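S.K.: Sequence and predicted structure, then a few things I'm wondering about:
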Amino acid sequence: MPRPARKNTAAEKAQARSVSLQRIGALFTDHKTSLSIVVLIIVVSSIVGMASPFLLRAVLDRALPHNDVRLLVLLVAGMVGVAAVTSALGVVQTWISTAVGQKVMHHLRTEVFTHLQRQSIAFFTRTRTGEVQSRITNDIGGMESVVTSTATSIAANLTTTVATAVAMAALSWRLSLISLVVLPPSVWLTRRVARMRREITDQRQKELADLNVTIEEGLSIGGVQLSKTLGTAPALIRRFTASSERLIDLELRSELAGRWRMASMSVLFAAIPAVIYLAAGLPATRGAMSIGTLVAFTALQSGLFRPLLGLLNVGVSLTSSLALFARIFEYLDLPVDIEEPARPVRLTAPRGHLRFEGVTFSYAGSTAPAVQGLSLDVPAGGSLALVGETGSGKSTIAALIARLYDPTSGRVTIDGVDLRDLSFADLSNVVGVVSQETYLMHTTVRENLRYARPSATDAEIEAAARAAQIHELIASLPDGYDTMVGSRGHRFSGGEKQRIAIARTLLRDPRVLVLDEATSALDTETERAVQRAFDELSVGRTTVTIAHRLSTIRDAAQIVVVDHGHVLEEGTHDDLVGSGGRYAMLAA
């Protein structure tokens, strides 16, 4: 069913208002020199451009009436020279300002992406993927014109406005007063229009995020398969169409917001020259100025309103873009749940001694802990198997070993060092995880494997694939290791994807290996082959295995039965079967 359009809440509006221009200006801190050059170019260009009306007045009042051809040629050449110089300066200004703007955009994109990479798994489980993508692409993309041109537009229009006003006053201060009477209503109308567009911009970006979510959910491999098997394609199309229609309305409102008000200002600006001509022709003022002065003044007056309108429009764009900055800064201000230690402890020669010491962990918003008071001790090179019913906390324990979450209380250690004291790089080198949900990137098999260790040679990649019992299959493909795996590895079966994931993890040669249902998608024969490889690779390596198939963990040195995050039973396979408890029931 189509979802209703989202409305701004008071909190969201307050957040948008809280974005300070000082924080936006801080984005340009590293480019002060370039911006100073741009401002200098703008000032020089504005001053040079002010010569044209005075040259025009000289043409009309001196060169033409006196038939002074030499003076006329000089004046015309001067006018052409002014145009050439201002045009050349404009090209240089545009080049520098655009380069600065693009660097700021690059910094903002990478800063948001980097900060999101630091977020915990909990953030991504509660946030829609399409929403995250929309912030990085649509929101930052929507700010491009503001970031790349706003500063220079303000400087250019402000400088031109001031220079023009001074020139107008030099020609006729009385006529200047008539021209400037439009300023107060212009500022008032601009502020009204800016507020309107800001609210509409915020609504539009939220709708774009919803549209991205629909695309992500409806056009991914899994989404397409789901819609085809459940027959939900028509509903998805209706949902997409409704969201797109709401975008049409918001785009129209954004473009038309305040257009009538600004159109009224344009009419008023156009009427000013007529008023000036009228004032110049009245009996009281007739003959007070020359024709050249009058023409030069009206030319300046037209040149004044253009930058003045530009300055007001920049204000409208900047104010409306605050909604975009608010959405980006909201992500940049997200607290990092799992921090990199300030002074990480180095494990120079990790052995893999794993311990859980009174660990309790609760998911955000959950009333009951997923793991409570858990204490485990797996010696270096030992093997631990975790069994239990679905929801018993096995995968949570695996996530704690990889520090995808931090314990609410207690600690997890490797070789006596708290995981929170290890750098993320060291931890990922020590702990390798193969989960039941295999993720492969849309690239070649070789690059998927090399993702684990970019420096790996082709020989090392093939050795890892052989250990995972997948080399023969890859080698039999027409493109071998250069075969594209397809979106999320769709080119391969579930068992093949898992074996590629196993090879990818083994390529890192971790001292602690966590297998979270790693063989769940394998057939019995392949499972046995992979298990034999695991048995060989587990020598000298600490292994934690989570499995529903008890056949894969019979030989584990330590088997722990978990129930609601508690250790229910612990021992070897034979001991637990002989005790007649929960494990014996599962093994029956």
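M.R.: Yep, it's here. Numbering: from 1, shown residues only.

S.K.: in stretch 321-331, what's buried?
M.R.: Under the neighbour-count criterion of 16 or more other C-beta atoms under 10 Å, stretch 321-331 has 321-329, 331 buried. Heads up, the C-betas are built off the backbone N, CA and C, glycines and all.

S.K.: how about CSV for these, with secondary structure, distance to Leu64 and pLDDT added?
M.R.: Shown next, in CSV, are the buried residues of stretch 321-331 (DSSP: H, G, I helix; E, B strand; the rest coil; distance: C-beta to C-beta, whole Å; pLDDT from 0 to 100):
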residue, secondary structure, distance to Leu64, pLDDT
Ser321, helix, 49, 73
Leu322, helix, 52, 75
Ala323, helix, 54, 74
Leu324, helix, 53, 78
Phe325, helix, 54, 82
Ala326, helix, 58, 82
Arg327, helix, 59, 81
Ile328, helix, 58, 84
Phe329, helix, 59, 87
Tyr331, helix, 64, 85
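
S.K.: between those residues, which is nearest Val80?
M.R.: Ser321 (38.5 Å; C-beta to C-beta).

S.K.: what residues are up against the closest one?
M.R.: 142-143, 146, 201 (C-beta atoms under 8 Å, 6 or more residues apart in numbering).

S.K.: Apply 7 Å and report the result again.
M.R.: Residues near Ser321 by C-beta atoms under 7 Å, 6 or more residues apart in numbering: 143, 146, 201.

S.K.: Ala452 now?
M.R.: Ala452 makes contact with 504-505, 507-508, according to C-beta under 7 Å, 6+ apart.

S.K.: give me the number of residues near the nearest residue to Asn212 once chain neighbours are set aside?
M.R.: Leaving aside its chain neighbours, Asn212 sits nearest to Gly130 (3.7 Å; criterion: C-beta to C-beta, 6 or more residues apart in numbering). A count of nearby residues for Gly130, using other C-beta atoms under 10 Å, gives 19.

S.K.: in what helix or strand does Gly130 lie?
M.R.: Using DSSP states H and E, Gly130 sits in helix 129-134.

S.K.: now Arg238
M.R.: With DSSP H and E as the criterion, Arg238 is inside helix 233-256.

S.K.: Val91 - that's part of a helix, no?
M.R.: Yes. Counting by DSSP: H, G, I helix; E, B strand; the rest coil, Val91 is located in a helix.

S.K.: Measure how buried it is and give me the count.
M.R.: Going by other C-beta under 10 Å, the residues that sit close to Val91 add up to 10.

S.K.: Please name the residues that touch it.
M.R.: Contacts of Val91 by C-beta under 7 Å, 6+ apart: none found.

S.K.: And the pLDDT for it?
M.R.: Per-residue confidence (pLDDT) for Val91: 85.

S.K.: what mean pLDDT does stretch 463-479 have?
M.R.: For stretch 463-479, mean pLDDT rounds to 88.

S.K.: what's the answer for stretch 200-220, then?
M.R.: What stretch 200-220 shows for mean pLDDT is 71.

S.K.: Using CSV, write down the CA coordinates of that stretch.
M.R.: Presented in CSV, the C-alpha positions along stretch 200-220 are these (Å, rounded to 0.1, in the frame of the first residue of the first chain):
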residue,chain,number,x,y,z
ILE,A,200,9.5,22.3,1.4
THR,A,201,13.2,21.2,0.9
ASP,A,202,13.1,19.2,4.1
GLN,A,203,9.9,17.4,3.0
ARG,A,204,11.3,16.7,-0.5
GLN,A,205,14.5,15.1,0.8
LYS,A,206,12.6,12.9,3.2
GLU,A,207,10.4,11.8,0.2
LEU,A,208,13.5,11.1,-1.9
ALA,A,209,14.8,8.9,1.0
ASP,A,210,11.6,7.0,0.9
LEU,A,211,11.9,6.6,-2.8
ASN,A,212,15.4,5.3,-2.4
VAL,A,213,14.2,2.7,0.1
THR,A,214,11.6,1.5,-2.3
ILE,A,215,14.2,1.1,-5.0
GLU,A,216,16.6,-0.7,-2.7
GLU,A,217,13.9,-3.0,-1.5
GLY,A,218,12.2,-3.6,-4.8
LEU,A,219,15.1,-3.9,-7.2
SER,A,220,17.6,-5.9,-5.3
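
S.K.: A strand includes Asn67, no?
M.R.: No. Counting by three-state DSSP, Asn67 is not part of a strand but coil.

S.K.: How many residues are close by it?
M.R.: Asn67: 8 neighbours (other C-beta under 10 Å).

S.K.: does Val336 sit in a helix, a strand or a coil?
M.R.: Three-state call for Val336 (three-state DSSP): coil.

S.K.: Next up, phi/psi of it, please.
M.R.: Main-chain dihedrals, Val336, degrees, to the nearest 10: phi -90, psi 110.

S.K.: same check, this time on the one 10 residues further on
M.R.: Note on Arg346: its backbone torsions stand at phi -90, psi 130 [degrees, to the nearest 10].

S.K.: what's the pLDDT at the most centrally placed residue in the chain?
M.R.: Nearest residue to the geometric centre of the chain (C-alpha atoms, centre = their mean): Ile136, 2.5 Å. Note on Ile136: pLDDT of 77.

S.K.: Who are the contact partners of it?
M.R.: Neighbours of Ile136 in contact, by C-beta under 7 Å, 6+ apart: 109, 112-113.
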